[in-house]
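**Student:** next comes the sequence, and after it the predicted model I'd like to discuss.
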Amino acid sequence: MLVDAFDREVSGVRVSLTDRCNFDCVYCHNEGLGDTRGPMAPRDHEMTADDVVRFLDVAREFDVDAVKFTGGEPMLREDLAEIVRRVPDGMEVSMTTNGTFLPGRAPELVDAGLERVNVSLDALDPEQFAAVTQSGAFDRVLEGVEAALDAGLDPVKLNMVLLRETAAQVPEMVDFVADRPGLRLQLLQYMPELTGNPEWAVDVDDVHEWLAERADRVETREMHGRRRYWIGGGSGDGPADDGGELDDETAGMVEVVDPVGNEDFCANCHRVRVTHDGKLKGCLNRTDDLRSMGEMTTEEIRETFRETVANRVPYYGEYMVEEDGEWVVDEKYLDAVPEPSD
Ligand SMILES: Nc1nc2c(ncn2[C@@H]2O[C@H](COP(=O)(O)OP(=O)(O)OP(=O)(O)O)[C@@H](O)[C@H]2O)c(=O)[nH]1
Ligand SMILES: C[S@@+](CC[C@H](N)C(=O)[O-])C[C@H]1O[C@@H](n2cnc3c(N)ncnc32)[C@H](O)[C@@H]1O
Ligand code: SF4
Ligand code: SF4
């Protein structure tokens with residue numbers, strides 16, 4: 001496995017299959033690339049299925065054992081099932097999607113080898129959902145969640161971005177997953193680094209505190225040091241913290257993804273990203289470290305992957321340092337990486 005200069009092994013890759021999307025969420029970071037484009041926009045700069053598979057074969061050579069397909073909206077790729085089917089053995093295959101295309105297509109993806117899915121759902125109130133996603137597809141997303149569960153993709157994680165406008169929906173969302181075996185909730189701290197509007201964020205410490213009061217068990221994931229709260233699902237004599245057993249099948253699980261200004265999160269980051277047009281990216285938040293894989297020959301991919309890992313640095317605490325309470329780019333990185341040519 002490749003290891004960067006900060007002792008972080010690279011065990012996962014996140015592949016953006018397109019920068020097109022049928023939604024236009026107000027907060028979207030598009031995996032660090034700015035605005036998404038419309039679903040019908042030209043696709044000629046997207047990696048082909050063969051490119052994606054060649055890349056994954058190289059990643060597997062380097063012992064990467066998980067791939068996440070994302071975007072834009074990855075399900076706009078009509079060849080998605082083919083790509084999933086051709087993922088090399090030994091890699092867990094998951095996808096993050098807005099869910100609208102899961103009805104009707106979930107079974108074929110499972111058949112092709114998809115193991116997990118995260119579905120973005122920012123509110124249970126249709127009007128708030130429409131305001132955030134700038135789309136009216138709320139019912140369709142709920143159908144997508146059902147389709148994923150029916151196809152056996154559980155646990156299905158619902159991704160909810162924590163915004164001031166929708167934060168009041170968190171308790172309802174927690175109940176929603178706690179009442180429904182097979183569902184989990186990820187509360188995503190709003191990341192303003194690439195999208196601005198820091199005033200949209202809520203204080204994530206308050207969210208942790210609120211969850212800790214309700215949780216029967218709290219655990220910390222090695223990946224990013226993320227905290228998980230298990231709610232409900234006590235059996236035996238009482239709640240788990242009173243000596244009863246906690247049943248993971250019936251308990252609701254809520255994970256908080258809180259990267260903003262979080263040095264521990266970055267110190268435990270094991271992922272490299274791939275843009276839809278075939279560039280490697282060592283950090284979600286950076287646009288100055290993109291490396292083109294050129295014609296995407298196996299040798300070019302190998303070389304670019306090695307270089308990307310060798311140059312990866314934790315964003316908070318290394319690339320960004322705190323000065324007088326403000327995060328600023330450490331001077332030594334100001335001219336570190338030239339913009340790649342296409
Ligand atoms: N800054 C930062 N944010 C991340 C990182 N990974 C995930 N996130 C945030 O979490 C969001 C949801 O991520 P998902 O694509 O659903 O995947 P995930 O939750 O990281 O992955 P799994 O737990 O494996 O399903 C991302 O869009 C980011 O906002 C990361 O490495 N760095
Ligand atoms: C960029 S989307 C791509 C996949 C798919 N279109 C979807 O929405 O699930 C991946 C995830 O990023 C999250 N996301 C986008 N912009 C964000 C931001 N500024 N802060 C936190 N999460 C964000 C979305 O909510 C979604 O769960
Ligand atoms: S659905 Fe995903 S890619 Fe599309 S705008 Fe929303 S967050 Fe961005
Ligand atoms: S280094 Fe930090 S900000 Fe960058 S991708 Fe990893 S966890 Fe996210």
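**Tutor:** Nice, I can see it. Ligands and ions are numbered 1, 2, ... in the order given.
**Student:** going along the chain, name the strands of the stretch 101-250 of the chain.
**Tutor:** Using DSSP state E, counting those that start in this stretch, the strands found in the stretch 101-250 of the chain span residues 116-120, 156-162, 183-189, 217-220, 227-231.
**Student:** ligand 4 is nearest to which of those strands?
**Tutor:** Closest to ligand 4 of those is strand 183-189 (C-beta to the nearest ligand atom; 11.3 Å). (Each C-beta comes from the backbone N, C-alpha and C, glycine too.)
**Student:** in three-state terms, label residue 253 for me.
**Tutor:** What DSSP: H, G, I helix; E, B strand; the rest coil gives for residue 253 is strand.
**Student:** pipe the strands of the stretch 101-250 of the chain into JSON lines and attach mean neighbour count per row.
**Tutor:** Below are the strands of the stretch 101-250 of the chain laid out as JSON lines (neighbours: other C-beta atoms under 10 Å):
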{"stretch": "strand 116-120", "mean neighbour count": "22"}
{"stretch": "strand 156-162", "mean neighbour count": "23"}
{"stretch": "strand 183-189", "mean neighbour count": "21"}
{"stretch": "strand 217-220", "mean neighbour count": "14"}
{"stretch": "strand 227-231", "mean neighbour count": "21"}
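**Student:** of these, which is nearest ligand 3?
**Tutor:** Among those, strand 116-120 sits nearest to ligand 3 (C-beta to the nearest ligand atom), with 5.8 Å.
**Student:** from the chain's centre, how far out does that closest one sit?
**Tutor:** 9 Å (C-alpha atoms, centre = their mean, to the nearest Å).
**Student:** next, the angle strand 156-162 makes with it.
**Tutor:** 30 degrees (axes from the mean of the first three to the mean of the last three C-alpha atoms, to 10 degrees).
**Student:** residues of stretch 149-157 that come out buried?
**Tutor:** 149, 151, 153, 154, 155, 156, 157 (16 or more other C-beta atoms under 10 Å).
**Student:** so is it next to ligand 2?
**Tutor:** No. Taking C-beta under 6 Å from any ligand atom as the criterion, stretch 149-157 and ligand 2 are apart, separated by no less than 9.2 Å.
**Student:** quick one: contacts of that stretch?
**Tutor:** Stretch 149-157 is touched from outside by 106-107, 109-110, 114-119, 145, 148, 181-186, 253, 255, with contacts defined as C-beta atoms under 8 Å, 6 or more residues apart in numbering.
**Student:** ligand 1 next: which of the residues you listed are close?
**Tutor:** Answer for these near ligand 1 (C-beta under 6 Å from any ligand atom): 118, 186.
**Student:** is it true that residue 20 touches residue 71?
**Tutor:** Yes. Using C-beta atoms under 8 Å, residue 20 is in contact with residue 71, at 7.3 Å.
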